[in-house]
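Asker: sharing a model prediction with you, sequence too.
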Number of protein chains: 2
Amino acid sequence: MNYCSDCGGPIVLEVPGGDSFQRHVCSACGIIHYKNPLVVVGCVPEWQGKLLLCKRAIEPRMGYWTAPAGFLELDETLEEGAARETAEEACARVEIGSMLAAVSVRHTNQVHIMYRARLLDGKFAAGAESLEVRLFSPEEIPWQDIAFRSVTFSLQTLLADPQGGVHTTSF
Amino acid sequence: MNYCSDCGGPIVLEVPGGDSFQRHVCSACGIIHYKNPLVVVGCVPEWQGKLLLCKRAIEPRMGYWTAPAGFLELDETLEEGAARETAEEACARVEIGSMLAAVSVRHTNQVHIMYRARLLDGKFAAGAESLEVRLFSPEEIPWQDIAFRSVTFSLQTLLADPQGGVHTTSF
């Protein structure tokens, strides 16, 4: 961050009065530009005992398998975001269930919130960000080719505890 | 957002190729500046059957009671953020427990993540953002003077279900 997005003035790094963190502050207008972690939201859709995964068509981790997930957008709930990402990446309609996992991913400054879900009609297809979408029985899950540790954690949690409350961890 | 924080160029609103949302895009360097919801994290500390609340010394909702909570910072986990906010606002040390509530607050573009917690030594005091901090028995909770609906939801959830898994809602 070099320039103030409000006035175009030069940005300096400093700890504002009353704060305890270094912030990006505009040296012209004085506004503080905060940077905070982002929310990634998704789900693990189930259909007849199998779980839906998407093979990523984009970086990072292109070619690896993931659950449908992506950045939470403005003006949507966590559940709406999880359903939207599933529609975009897997062309599938889901009913979102209980929260499955909340994972703090420190090195990317993200919080991954994953839900249980159920395919509404068993239909799916590869969206623009997926090379392939398919259902896996628990024995078929490609554990060595999962894109992200938060997805591995979510799949492990789901298989160990199909109904239970949220499980949290951090990486 | 008027100016690109990278190059200082003028910002335009447009839907980038492959995207389905309108974004702030720099007309000079082409970078896309995303805006996404922020995470507010906090906890409801318990001590000998009573719950710790803070009377807010700052706007919004100055003078109303809240659970210790605030924006998740870079490079911290949800649990670390909840403990830090409790140290800042209530000068108290806590052990963070299970997730109590996840609340999508659409009108402020925030996700509020609240945890169960336990005071480590029963000590607390008003931090810089609090006028007063005190323990309330369940019968004493000032329901009419709670600062935020997500705090009301969290308190109701905690009292109804002291042990259970996460409860989610959206406002």
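Answerer: Okay, I see it. Numbers count the residues shown, from 1 in each chain, chains lettered A, B, ... in the order given.

Asker: contact partners for the residue nearest to the spatial centre of chain A?
Answerer: With distances taken as CA atoms, centre = their mean, residue A:40 lies nearest the centre of chain A, 2.7 Å away. Counting by CB atoms under 8 Å, 6 or more residues apart in numbering or on different chains, residue A:40 touches A:69-72, A:105, A:110-113, A:150. Every residue, glycine included, has its C-beta placed from N, CA and C.

Asker: so which of these are also by chain B?
Answerer: By CB under 8 Å from any CB of the partner chain, the members of these lying near chain B are A:71-72, A:111, A:113.

Asker: among those residues, which lie within strands?
Answerer: A:71, A:111, A:113 (DSSP state E).

Asker: closest to residue A:164 out of these?
Answerer: The nearest member of those to residue A:164, counting by CB to CB, is residue A:113 at 15.9 Å.

Asker: leaving out sequence neighbours, find the closest residue to the closest one.
Answerer: Using CB to CB, 6 or more residues apart in numbering or on different chains and skipping the chain neighbours, the partner closest in space to residue A:113 is residue A:41 (4.9 Å).

Asker: quick check, pLDDT for that neighbour.
Answerer: Looking at residue A:41, its pLDDT stands at 98.

Asker: now it: how far from residue A:82?
Answerer: Residue A:41 sits 5 Å away from residue A:82, going by CB to CB, to the nearest Å.

Asker: shared neighbours of the two, anything?
Answerer: A:69, A:113-115.

Asker: about what we covered before: okay, and the residue nearest to the centre of chain A sits in which element?
Answerer: Element membership of residue A:40, judged by DSSP states H and E, is strand A:38-47.

Asker: what pairs with that strand, parallel or antiparallel?
Answerer: Looking at strand A:38-47 with DSSP bridges, its partner strands are strand A:50-56 (antiparallel), strand A:69-71 (antiparallel), strand A:110-119 (parallel).

Asker: quick one: it to chain centroid distance?
Answerer: 7 Å (CA atoms, centre = their mean, to the nearest Å).

Asker: can I get it as CSV, trimmed to CA atoms?
Answerer: Provided in CSV are the C-alpha atoms of strand A:38-47 (Å, rounded to 0.1, in the frame of the first residue of the first chain):
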residue,chain,number,x,y,z
LEU,A,38,-10.5,-12.5,5.0
VAL,A,39,-13.2,-15.2,5.3
VAL,A,40,-13.2,-18.1,2.9
VAL,A,41,-16.4,-20.0,3.1
GLY,A,42,-17.4,-23.4,1.6
CYS,A,43,-19.1,-26.7,2.2
VAL,A,44,-18.7,-30.5,1.7
PRO,A,45,-21.8,-31.6,-0.2
GLU,A,46,-23.0,-35.1,0.4
TRP,A,47,-25.1,-37.3,-1.9
